[in-house]
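In: build me a model:
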Amino acid sequence: MLADKAVSARNALADTVIISPSLVYQQDADSKGVLAASSSSGTATNSVHSIDEKDGISSVEKGHYSDWEGYEDEILPDKLQGRFMRNLRFQLLNIYRRLFGVVFVTNMTIFIVTIAKGGSDAKNLGLIVVADLFCAVLIRQDYVINAIFTVFCSVPPSWPLFIRRLCARVYSLGGIHSGCAVSGVCWFVYFTAQSTLELLNGGKCSVATVVMAYCILVLLLVIVALAYPKFRVIAHDTFEKVHRFLGWTVVALVWCLIILLTNDYRPRGQKLGRALTESAPFWLVVVLTISIILPWLRLRKYPVRSEVLSKHAVRLHFDYGVSPVPGSFSRISDTPLFEWHSFATMAEPDKKGYYSMVVSRAGDWTKKIIENPPSEIWIRGIATCGALRIVPLFRRVILVATGSGIGPIAPHVFAQSVPFRLLWTGPNVRETFGDNLVDAILKAAPDTIIYDTRKHGRPDMVKLSYKLAREFEAEAVCIISNEKLTKKVVYGLMSRGVPAFGAIWDS
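Out: Residues are numbered from 1 along each chain as shown. Okay, here's the model as predicted:
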């Protein structure tokens, strides 16, 4: 098998080289470096590279032409399904939208059946509304996310691939969040109408309850409207602020509504406190509120050592006793009430209680952090699992990073948890990300393929990724890149039968 030959060759190599003028870096028996390779992981665990004192470039990066030259001429196999079916399966009805659809259709089915049977009173409708909002909030809670990822990513590699492929889509759970949120708003429209009718017909709902319902409804409609994907991309900072502050306001008003509604429906002679403790919506809102507050209780301002890598990137080093699992991210901010940014955590196995993150220039905030590196920064909550937490589900993996996408991928390179091959593309990565990070990557994975887009232009990532996956006999390809390229590569590979995974930009 090609993969077995590759592993055997890697173990036998005494030297390392990476191709240069062609397109990639790859180890070769004619180089001058020294490599001690792992005999079982499929990736090297240790290496020593000679450094040219004149230009500071590792011998690994000088290389020569190799088998990777001319990969553009390789003909990709035909896509497995017709255009309609593959677009339906991999784009229109991706796992995120399927989860959204299941939640929303289920809710709307119950909604229609309820109306068909003559409707329900405001009390029961209020319970359904709170249940939907409860699920929408809880599925986004750090501890809940980590627990779900831990369960799904604990599936052993010996299980059938189709099960592991499905489990690997766990990062699409945001579909449950949006499905419950939109459904909850629909139910709340019904609740508001029903409470209004009860008030007008002399029912149990009071004026205060109805007024509170309309206030909440307006806020919910604004939140849902501004969460529309296109607006979220155009004005993400505005979306986050609205989501946060209006969301908090809604929770406070829901507390008022639950108390008012419970008071309206409590039996004569029963105390309000007793009625609340016997009310399911009350306890759901209690848990919901705790889940929102909990990350803020862990808000801390930590010292940080900033390592400016270039005018395009800075690496932030933290040493406060936390070693995040590979595939996690942390939220950082210099103005904790208004603006938060998530970055992948890079833990290293030989450094307990330490991790770092790479911040690349992508807007005004990152530009500020790079040009004025902080000595302290706010961190909220705990390190939370992200898309690449799924890597250990597979026996052999191709890791693909473009530019700063190396940040989320580097922890898996350092951890060596599964056999992998790394493809890293970008404009002169050593100049952009510095010697320390590049040398650490090459030391952990000497067979890394680095494609310099400044010298060679942008590669056909679908072809290159497919070639690597085929020759390495990988079970999956995981990519971290910009949204457009990620979707292109994932679709291009999935439609040809290669499991591919990448971020989905659902937050």
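
In: only C-alpha atoms for contact and neighbour calcs from this point on.
Out: OK.

In: A helix includes residue 180, no?
Out: Yes: counting by DSSP: H, G, I helix; E, B strand; the rest coil, residue 180 falls inside a helix.

In: residues in contact with residue 492?
Out: By Cα atoms under 8 Å, 6 or more residues apart in numbering, residue 492 lies in contact with residue 462.

In: what separation is there between it and residue 91?
Out: 11 Å (Cα to Cα, to the nearest Å).

In: likewise for residue 281?
Out: Applying Cα to Cα, the value for residue 281 to residue 91 is 37 Å.

In: okay, now residue 86: neighbour count?
Out: Residue 86 has 18 neighbours, counted by other Cα atoms under 10 Å.

In: likewise for the one 3 residues further on?
Out: Here the neighbour count serves as a burial measure; for residue 89 (other Cα under 10 Å) it reads 17.

In: A strand includes it, no?
Out: No: applying three-state DSSP, one finds residue 89 to be helix, outside a strand.

In: quick one, helices of the stretch 251-400 of the chain?
Out: 272-277, 280-297, 364-371 (DSSP state H, counting those that start in this stretch).

In: ok, and what's touching the second one?
Out: Put plainly, it is helix 280-297. With Cα under 8 Å, 6+ apart, helix 280-297 has contacts from 126-127, 130-131, 134, 137-138, 141-142, 251, 255, 258, 276-277, 380-382.

In: next: the first one.
Out: Helix 272-277 is contacted from outside by 259, 262, 263, 266, 282, 283, using Cα under 8 Å, 6+ apart.

In: one more time with 6 Å
Out: Under the contact criterion Cα atoms under 6 Å, 6 or more residues apart in numbering, helix 272-277 has no outside partners.

In: next, the buried residues of that helix.
Out: 272, 275, 276 (16 or more other Cα atoms under 10 Å).

In: so where's the stretch 151-300 of the chain shaky on pLDDT?
Out: Judged against pLDDT under 70, the stretch 151-300 of the chain has no low-scoring part.

In: about what we covered before: neighbour-wise, which of residue 281 and residue 91 wins?
Out: Set residue 281 next to residue 91 and count neighbours by other Cα under 10 Å: residue 281 wins out with 24 against 14.

In: which neighbouring elements make contact with the lengthiest strand in the chain?
Out: As assigned by DSSP state E, the longest strand anywhere in the chain is strand 376-385. On a contact count with 3 or more Cα pairs under 6 Å, 6 or more residues apart in numbering; DSSP states H and E, strand 376-385 meets strand 300-303, strand 328-335.

In: what pairs with that strand, parallel or antiparallel?
Out: strand 300-303 (antiparallel), strand 328-335 (antiparallel) (DSSP bridges).

In: mind saving the C-alpha coords of that strand as CSV?
Out: Presented in CSV, the C-alpha positions along strand 376-385 are these (Å, rounded to 0.1, in the frame of the first residue of the first chain):
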residue,chain,number,x,y,z
GLU,A,376,-2.7,41.7,29.9
ILE,A,377,-6.0,40.6,28.3
TRP,A,378,-9.5,39.5,29.4
ILE,A,379,-10.5,35.9,29.0
ARG,A,380,-14.1,34.7,29.5
GLY,A,381,-15.3,31.3,30.3
ILE,A,382,-13.3,28.1,29.5
ALA,A,383,-11.6,26.8,26.4
THR,A,384,-14.4,25.5,24.3
CYS,A,385,-14.3,22.7,21.7
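
In: that older thread, any of the contacts of helix 280-297 buried? List them.
Out: 126-127, 130-131, 134, 137-138, 141-142, 251, 255, 258, 276, 380-382.

In: show me what the nearest residue to residue 299 once chain neighbours are set aside is bridged to.
Out: Leaving out its chain neighbours, the residue that sits closest to residue 299 by Cα to Cα, 6 or more residues apart in numbering is residue 380, at 4.4 Å. In this structure, residue 380 bridges to residue 331 when assessed by DSSP bridges.

In: from residue 246, how far off is residue 380?
Out: As defined by Cα to Cα, residue 380 lies at a distance of 19 Å from residue 246.

In: low pLDDT regions in the protein?
Out: 1-70, 507.

In: contacts for stretch 243-263?
Out: 209, 216, 223.

In: the first one - that's part of a helix, no?
Out: To tie it back to what came earlier, the one meant is residue 209. Yes: the assignment for residue 209 by three-state DSSP puts it in a helix.

In: neighbours around it, how many?
Out: Neighbour number of residue 209 under other Cα under 10 Å is 23.

In: likewise for the second one?
Out: Counted with other Cα under 10 Å, the burial measure for residue 216 works out to 23 neighbours.
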